[in-house]
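1. Here's my sequence, what's the structure:
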Amino acid sequence: MVSKKTWFITGAGRGFGLQWARAALSRGDRVAATARDAAALEGLSSEFGDAVLPLALDITHREDVFAAVQQAHAHFGRLDIVLSNAGSGLMGAVEEVDMDMVRAAFDVNVFGTLSVVQAALPLLRTQGSGHIIGVSSVAGVVAVPTAGIYEGTKFAVEGIFEALAAEVADFGIHVTLLEPGAYATDFFSAGSLTTAPALPEYDPLRERLDSMTMESLGDPAATAPVLLKVVDAEKPPLRIILGDLLPLVRETYDQRIKTWEEWQDESLAALGRDAKQLTPQSGEKA
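-> Take a look at the predicted model:
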C-alpha cells in the first residue's frame with residue numbers, strides 16, 4: 001500500500017499543476033498549492049478542504065518562495081514531493097527577442113525553479129527523504145527554430161537537475177525531470193506565452209515549420225497517473241518524456257554522436273599533444 005504524501009506544487013492554479021494537484025488530493029495526499037493569483041486555487045480548497053494549503057506565490061520573488069516553502073512545511077509537518085511546475089513560454093527567433101523578454105523567461109523558468117529547489121533542500125535533507133520534481137520539456141532536450149530562448153531555459157533546468165540528482169542522492173532525496181511535449185493546456189494563452197515581434201525575414205522559416213492542431217496535442221489529464229507512478233516508484237527515473245517524442249530525441253542524439261565522431265581527430269588534436277596514443281580508440285579498452 002502506498003503511503004500518503006505531502007506535496008508542494010507551484011503553478012497549481014491551472015494546466016498541468018491543477019491536474020496534478022487534483023490527482024494527488026483525490027487519492028488522499030495533502031498539497032500545498034501555489035499560484036500567482038490565490039483565487040485560482042479556490043476550486044481545490046472547496047473540493048478538498050483542509051487537505052489543501054492554498055498559497056499566493058510568484059516564484060520570481062525569491063524571499064516569498066522561501067517563506068511559502070517554510071509555511072507549507074510548518075503547516076503539514078513535512079514535505080515529501082516538491083514539484084516546481086510554474087513556468088512561462090517565449091516564442092521568437094533569437095534575433096527577434098529583446099533582453100527584457102529573455103530576462104523574464106529566465107527569471108521564471110530557471111531562477112524561480114532554483115529558488116524552489118534551494119528553499120526545499122535543507123528541509124528534505126533534515127528529514128532524510130524527499131522527491132524534487134522539475135518540469136522541463138522536450139524543448140530541454142531538442143531545440144527547434146523560433147523558440148531558442150525558451151529552450152535555453154529548459155536546457156538550463158536539465159543541467160541543474162542532473163547535477164542536483166548526483167549531489168543529493170546520499171541524503172535519500174530523489175530528483176526527476178518531467179519532459180512533456182505539446183499538450184492541450186493553457187500554456188499557449190496570453191498569460192503563459194509571450195511572442196516576440198516578428199521580423200519578416202523569418203516568415204519563410206515559420207511557414208516551413210509544422211503547425212500544431214488541437215487534435216495533435218496530448219491530453220493533460222492522462223499525465224496524472226504517470227506522475228503518481230513516478231512518485232510512488234522505489235527508484236524513480238531522473239528523466240521521463242511525456243508524449244510520443246522518443247523517436248525525435250533518438251534521431252537528434254544519433255546525429256550529434258555522428259557529428260562528434262566525424263570530428264574526433266580534430267577534437268583530439270585540440271588537446272595539443274599526441275592524444276591518439278593517450279586516448280582509447282573506439283572498441284579498445286583503456
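2. A strand includes H131, no?
-> Yes - H131 sits within a strand when classified using DSSP: H, G, I helix; E, B strand; the rest coil.
3. Could you check how many residues crowd around it?
-> Applying other CB atoms under 10 Å, we find 22 residues neighbouring H131. Using the backbone N, CA and C atoms, a C-beta is placed for each residue, glycine as well.
4. Identify the residues contacting it.
-> Contacts here follow CB atoms under 8 Å, 6 or more residues apart in numbering; on that basis H131 touches D80, I81, V82, I173, H174, V175, T176, V231, P236.
5. what about the first one, how many neighbours?
-> Residues near D80, counting by other CB under 10 Å, number 19.
6. and what of F76?
-> For F76, using other CB under 10 Å, the count is 17.
7. Now do the phi/psi pair for it.
-> phi -100, psi -10 (degrees, to the nearest 10).
8. What segments of the stretch 101-250 of the chain are helices?
-> Here the stretch 101-250 of the chain has its helices, by DSSP state H, counting those that start in this stretch, at 113-127, 148-168, 203-208, 223-232, 246-262.
9. Run a quick neighbour tally on the closest residue to V226 other than its chain neighbours.
-> Residue nearest to V226 in three dimensions, not counting chain neighbours: L242, with 6.7 Å by CB to CB, 6 or more residues apart in numbering. When neighbours are defined as other CB under 10 Å, L242 has 20 of them.
10. Might one say that L242 is in contact with L178?
-> Yes - contact criterion CB atoms under 8 Å: L242 and L178 qualify, at 6.1 Å.
11. Below-threshold pLDDT in this structure: ranges please.
-> Scanning the chain for pLDDT under 70 picks out 1-2, 187-191, 210-215, 274-286.
12. Show the contacting residues for F161.
-> Counted by CB under 8 Å, 6+ apart, F161 has contacts I132, G134, S136, V175, L177, L238.
13. again, only using 7 Å
-> G134, V175, L177 (CB atoms under 7 Å, 6 or more residues apart in numbering).
14. likewise E95?
-> Contacts for E95 (CB under 7 Å, 6+ apart) come out as L199.
15. That one and Y202: what is the separation?
-> Counting by CB to CB, to the nearest Å, the gap from E95 to Y202 is 8 Å.
16. and G148, how far is that from R206?
-> In terms of CB to CB, G148 sits 13 Å off from R206.
17. Who has more neighbours out of these two?
-> Neighbours per residue (other CB under 10 Å) separate G148 from R206, with G148 holding more: 20 against 13.
18. which residue sits closest to that one in space, ignoring its chain neighbours?
-> Nearest residue to G148 in three dimensions, chain neighbours excluded: V94, at 4.7 Å (CB to CB, 6+ apart).
19. what packs against the longest strand along the chain?
-> The residue-count maximum for a strand in the chain (DSSP state E) belongs to strand 173-180. Strand 173-180 sits against strand 130-135, helix 148-168, strand 239-242, with contacts defined as 3 or more CB pairs under 7 Å, 6 or more residues apart in numbering; DSSP states H and E.
20. 10 Å instead?
-> Secondary-structure packing of strand 173-180 (3 or more CB pairs under 10 Å, 6 or more residues apart in numbering; DSSP states H and E): helix 15-26, strand 81-84, helix 113-127, strand 130-135, helix 148-168, helix 223-232, strand 239-242.
21. Kindly present these as a markdown table, with separate columns for distance to D107.
-> Compiled in a markdown table, the helices and strands packed on strand 173-180 are given as follows (distance: least, CB to CB, whole Å):
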| stretch | distance to D107 |
| --- | --- |
| helix 15-26 | 18 |
| strand 81-84 | 14 |
| helix 113-127 | 10 |
| strand 130-135 | 16 |
| helix 148-168 | 9 |
| helix 223-232 | 26 |
| strand 239-242 | 24 |
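22. which of those sits most buried?
-> strand 81-84 (a mean of 26; mean count of other CB atoms under 10 Å).
23. Next secondary structure element downstream of it?
-> Using DSSP states H and E, the helix or strand that follows strand 81-84 in sequence is strand 89-91.
24. ok, that following strand: who's next to it in the sheet?
-> The pairing partners recorded for strand 89-91 under DSSP bridges are strand 193-195 (parallel).
25. between the helices of the stretch 101-250 of the chain, which one is nearest to A86?
-> Comparing these by their distance to A86 (CB to CB), the top pick is helix 113-127, with 8.1 Å.
26. which helices and strands does the closest one pack with?
-> strand 6-9, helix 62-76, strand 81-84, strand 130-135, helix 148-168, strand 173-180.
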